[in-house]
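> Sequence below, structure please.
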Amino acid sequence: MTGSGGDYVGGDYVGGDKFTVHGHDNVGKIQNQYQQQQDPRDALVAAVTALRGRVPDEDRRILDDALRVVRAGRAAEPGALRRALRSIAGVAAVVGEIGAPVTAAVHQVAALFNS
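So this is what the prediction gives:
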């Protein structure tokens, strides 16, 4: 597939992209394909849910309590979200490498609510 910014066709300048497609099963140029942004809280809930089955009961209770607050988002009492994120990050840190996705998700949620 080749492309350029514009060409002369029959003496007239044609602006835009011109593509030549070779081979079988080609669909041509695909553009304007945007991924919908996932809410960082959904990513955190998914990461914690995956981690939840790999930690002791006491840590599971901590995670469950914290997730209730995370799901409430801005509706949670002031400071509660921050405490919940710290609790989740604490459990993730203690379990080591398997908690890394949770830690990354905590940072994304914190950035969302700190802005």
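> For the protein, just list every one of the strands.
Using DSSP state E, the strands of the chain run over residues 2-9, 12-20.
> By mean pLDDT, show me the worst of those strands.
For the strands of the chain, mean pLDDT drops lowest on strand 2-9, to a mean of 54.
> Looks like residue 101 contacts residue 47 (just checking).
Yes - at 4.6 Å, residue 101 counts as touching residue 47 under the criterion of C-beta atoms under 8 Å. Where you see a C-beta, it was placed from the backbone N, CA and C, and this is true even at glycine.
> between the two, who's got more neighbours?
More neighbours surround residue 47 than the other of residue 101 and residue 47, with 21 against 17 (other C-beta atoms under 10 Å).
> Could you tell me the per-residue confidence at that one?
Predicted confidence (pLDDT) for residue 47: 96.
> same thing with residue 53?
So residue 53 comes in at 93 (pLDDT).
> Contacts only, for it.
Residues near residue 53 by C-beta atoms under 8 Å, 6 or more residues apart in numbering: none.
> gap between it and residue 45?
14 Å (C-beta to C-beta, to the nearest Å).
> same thing with residue 104?
14 Å.
> What about residue 51, how many residues nearby?
By other C-beta under 10 Å, the burial measure for residue 51, its neighbour count, is 22.
> Repeat that for residue 103.
Other residues close to residue 103 by other C-beta under 10 Å number 14.
> Residue 39 versus the spatially closest residue to it that is not a sequence neighbour, what's the distance?
Closest residue to residue 103 apart from its sequence neighbours, by C-beta to C-beta, 6 or more residues apart in numbering: residue 92 at 4.7 Å. Per C-beta to C-beta, residue 92 is found 19 Å from residue 39.
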